[in-house]
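Visitor: What follows is a protein structure lacking sequence information:
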């Protein structure tokens, strides 16, 4: 029965650096065998935040000015991909030990539960087919095979991965109500026009969890033995010592990490220097 347990952490709303440090720490614990997976958590952001992909280097100067002016926070994700504007979304982090090593297959299997949940709401999603553009700054500007889109082409969910040993961290941003004014200020283009969800955010999260509990037996080891089963959802909040460990590493994911509002020059130095790259 152990293989049919899907572990979840309670939903939370926290600053971006803490959210990223949590995901990186959980990935490390699974990699070391100290926590058994898979693990799933949903979260929101305590303030508008622009998360940058692990390898994203060239940052438009106006992003740094927006951050210095206090309109948003900048953080560095442990996962790859391009920048994602958070605030009008629900973010998920899935940590899966020993997934298929072929990236396209792992993306496909990691998104089955998302597709099922949206299909149940009458909003079917399909994978994008645009080529990956390494110089694209905005994650939601293209729809690759890692993303889920509506039949009309609107991108609903952008995903990115981080592999560590034999464990996978998949991040995903589920767009709900993007802040149109801030989106245009950041990306200098209109926010995506998405179909309205027929459920509240709380109901969406419940629906996603139910779908995830059906997903894990389909892709678990010896999946053929678990046809028709559901995973048991185990609530596993962080213990106090674990939370202390997470907090001690949050600065690794900050981009604007100085007290006060740094100048554009110092912000640029931080954004392109070693402090901007995660070490978790």
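Guide: That came in fine, so what should we check first? A quick note: this is a predicted structure, and the numbers were derived from the prediction, not measured.

Visitor: how far away is residue 98 from residue 38?
Guide: The spacing between residue 98 and residue 38, counted by CB to CB, to the nearest Å, is 10 Å. To be clear about C-beta, it is placed using only N, CA and C from the backbone, and glycine gets the same treatment.

Visitor: Have a look at the two and say which one is more surrounded.
Guide: A count of neighbours by other CB atoms under 10 Å puts residue 38 above the other of residue 98 and residue 38, at 24 against 13.

Visitor: Which pLDDT value belongs to that one?
Guide: Looking at residue 38, its pLDDT reads 94.

Visitor: How about the contacts made by it?
Guide: 6, 7, 94, 95, 96, 97, 216 (CB atoms under 8 Å, 6 or more residues apart in numbering).

Visitor: Go through these and flag which are in strands.
Guide: In strands, judged by DSSP state E, the following of the contacts of residue 38 are found: 6, 7, 94, 95, 96, 97.

Visitor: Distance of residue 26 relative to residue 73?
Guide: Counting by CB to CB, the gap from residue 26 to residue 73 is 21 Å.

Visitor: Neighbour count: those two, which is higher?
Guide: Using other CB under 10 Å as the criterion, residue 26 and residue 73 rank with residue 26 on top: 25 against 22.

Visitor: Local confidence estimate at that one?
Guide: At residue 26, pLDDT is 96.

Visitor: What's the per-residue pLDDT of the most centrally placed residue in the chain here?
Guide: By CA atoms, centre = their mean, the chain has its centre lying nearest to residue 171, at 2.7 Å. Residue 171 carries a pLDDT score of 97 in this model.

Visitor: now it: how far from residue 71?
Guide: For residue 171 relative to residue 71 (CB to CB), the value is 23 Å.

Visitor: next one: residue 233
Guide: Plainly put, residue 233 is 37 Å away from residue 71 if you go by CB to CB.

Visitor: try residue 241
Guide: Residue 241 is 36 Å from residue 71, by CB to CB.

Visitor: what do you get for residue 164?
Guide: 33 Å.

Visitor: just residue 98 next, same as before
Guide: 41 Å.
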